[in-house]
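>>> let's see this in three dimensions:
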Amino acid sequence: MELKNKMIHYNPHEYQTYSTKFIIQHQAAGLFLEQGLGKTVVTLTALWELLYDYFDATKVLVIAPLRVARDTWSRECEKWDHLHGLTISKILGSVKERKMALYKKADIYVINRENVEWLIKNAEWDFDTVIIDELSSFKSPSAKRFRSLKKVRHKIRRIVGLTGTPAPNGLLDIWSQVYLLDGGERLGRTYTGYRSRFFHPQKYVNGGIPTDYVLNEDAEDKIYQKISDICISMKAIDYLQMPDCIFNKVEVSLDEKEMKLYRQMERDLLLPFEESDVDAANAAVLSNKLLQMAGGAVYDEFKDVKHIHDKKLEALEDLIEGANGKPVLVYYSFKHEKELIKNKFTVEELNTTDDIARWNSGDMKVALCHPASTGHGLNLQDGGCTIIWFSMTWSLELYQQANARLYRQGQKETVVIHHIVAKDTVDERVLKALEEKDTSQQALVNAVKAMITKFKEEKDGR
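Next up is the predicted model:
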């Protein structure tokens, strides 16, 4: 009785009812719902009906990021009154623990995506219904997790793919995700075939190997039209009465000596590429080194940390003090930044289930985490409304998902997202790319090429 008293009565929004019916009515369904729209409860509601009203599902497997598999699905079952009685077995932990979880009788089995290959190799496949939470993590057709699931796709009668960002780096990413839904019916049975029909290469390398594919004219509309019968897409702002979200740029200026070191590093990094092509791989290395310097320290060739400045730490101190005791969530990009912040402030890392519970109960004043650790599915909106980006990320998907941990359904206060940006550094280019939602590999390459052009002009005295 005490458990029921803690449960919340489910009064779905109209779009949630629509989404639940969409899952029930389609044996393959892609729900491309923006963060905060309640994909998990929508899906669990559909599963309850499929299991116990329609008897159209018998054994359900949920594939999710590790933390989401460990925490989110079971917590949602415990949260909503209409889901009371649904049982979950978590195929997590050691091999022995995973095998025991498989033998346990339950309505829903939850596994982290890293163990999909293990499951398919080591257990008899008898799941007739599969939910892929964060379908975008299966965007690579060469990844083991995709190839493994592809082998058993013909044994799956019902499948649902959930994500807020199906194509974070462009529509090339969408083929493998849609293939898992329909077995290649809509976008073709091979990735190369899909690519050749809807894209063309921008350039050729190494004697004629095509690369840097871009969409053909009208291809985007054709792709969306082909998948529109099994996929729905919704934006949170169109369906929820959300509080305001304020984006704030906090500029710091490096002094003359610090900026000289930054410029020297910038020149040293760019010099080898002055007369050669820049590809995404070396552009990322260049950018990461400069982002480290903008943050205040950089790894040298021996993996030792070289300190440069404390400007961002000083700005972080001001922001934490300005929060007046209200909880703040601080995102960092590099391990040495985590250590710098921990050495200067009283902070706690957000890692475990207990950490998440303490944050949501208001017992954690400064939480420190990497955006990849809170990227998908974690509900942190009860614990605070202030985010501080100590350093920037080129990943639009990580950026949006990390912000959506607080700015999501259930948030009652205005969310403030601070970005600490080192003036006249690569920080500014990354923030601009995020604001314009242009963080593709080509945007990264273009940013580095622009720096090289500027370097050449300065060297030539123009």
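>>> quick one: contacts for Val250?
Residues near Val250 by C-beta atoms under 8 Å, 6 or more residues apart in numbering: 315, 319, 418-421. C-beta coordinates here come from the backbone N, C-alpha and C atoms, glycine included.
>>> which one (most neighbours) among these?
Comparing these by number of neighbours (other C-beta atoms under 10 Å), Ile420 comes first, having 26 neighbours.
>>> please tell me how far that residue sits from Gly362.
24 Å (C-beta to C-beta, to the nearest Å).
>>> wait, Ala28 sits on Ile159?
Yes - using C-beta atoms under 8 Å, Ala28 is in contact with Ile159, at 5.4 Å.
>>> okay, and the common contacts of these two?
Leu181.
>>> make sure Ile63 is indeed in a helix.
No - assessed with DSSP: H, G, I helix; E, B strand; the rest coil, Ile63 is strand; it does not lie in a helix.
>>> low-confidence bits of the stretch 301-450 of the chain, can you list those?
Filtered on pLDDT under 70, the stretch 301-450 of the chain yields the residue ranges 301, 375-377, 438-450.
>>> residue boundaries of the helices in it?
Along the stretch 301-450 of the chain, counting by DSSP state H, counting those that start in this stretch, helices occupy 311-322, 335-344, 353-360, 396-403, 426-435, 441-459.
>>> residue boundaries of the helices in the stretch 1-150 of the chain?
Taking DSSP H, counting those that start in this stretch as the criterion, the stretch 1-150 of the chain carries its helices at 2-6, 14-25, 39-52, 66-67, 73-79, 95-103, 116-122, 144-152.
>>> turn the helices of the stretch 301-450 of the chain into a markdown table, including distance to Val298.
Listed next are those as a markdown table, based on distance: least, C-beta to C-beta, whole Å:
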| stretch | distance to Val298 |
| --- | --- |
| helix 311-322 | 13 |
| helix 335-344 | 8 |
| helix 353-360 | 29 |
| helix 396-403 | 21 |
| helix 426-435 | 12 |
| helix 441-459 | 16 |
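>>> tell me which of those helices lies nearest to Val214.
Closest to Val214 of the helices of the stretch 301-450 of the chain, according to C-beta to C-beta: helix 441-459, at 8.3 Å.
>>> show me the shaky parts of the stretch 101-250 of the chain.
Checking the stretch 101-250 of the chain against pLDDT under 70 turns up 168.
>>> Ala28 and Ile159: who's more crowded?
Neighbour totals were compared for Ala28 and Ile159, and Ile159 leads with 25 against 21 (other C-beta under 10 Å).
>>> isn't the more buried one up against Gly30?
No - using C-beta under 8 Å, Ile159 is not in contact with Gly30, being 9.2 Å away.
>>> okay, and the common contacts of those two?
Listed as contacting both Ile159 and Gly30 by C-beta under 8 Å, 6+ apart are Leu181.
>>> what about the residue lying closest to Pro327 once chain neighbours are set aside, distance to Ala64?
Nearest in space to Pro327, with sequence neighbours left out and distances taken as C-beta to C-beta, 6 or more residues apart in numbering, is Gly384 at 3.4 Å. Distance, Gly384 to Ala64, using C-beta to C-beta: 24 Å.
>>> could you do Met234 as well?
The value you get for Met234 to Ala64, if C-beta to C-beta is used, is 20 Å.
>>> which of the two has more neighbours?
Comparing Met234 with Ala64 by other C-beta under 10 Å, the one with more neighbours is Ala64, at 24 against 19.
>>> partner residues bridging the residue lying closest to that one once chain neighbours are set aside?
Excluding its sequence neighbours, the residue lying closest to Ala64 (C-beta to C-beta, 6+ apart) is Asp133, at 3.8 Å. Bridge pairing for Asp133 (DSSP bridges) gives the partners Leu162.
>>> mind listing what Asp133 touches?
39-40, 62-65, 68-69, 72-73, 162, 376-377.
>>> tell me which of those residues is nearest to Asp81?
Closest to Asp81, out of all of these and judged by C-beta to C-beta, is Thr40, at 15.5 Å.
>>> so how far is Asp133 from that closest one?
Look at Thr40 and Asp133: by C-beta to C-beta, they are 7 Å apart.
>>> in contact with Asn351, which residues?
Contacts of Asn351 (C-beta under 8 Å, 6+ apart): 369, 373.
>>> repeat that with 10 Å
67, 367-370, 373-374 (C-beta atoms under 10 Å, 6 or more residues apart in numbering).
>>> no further questions, thank you.
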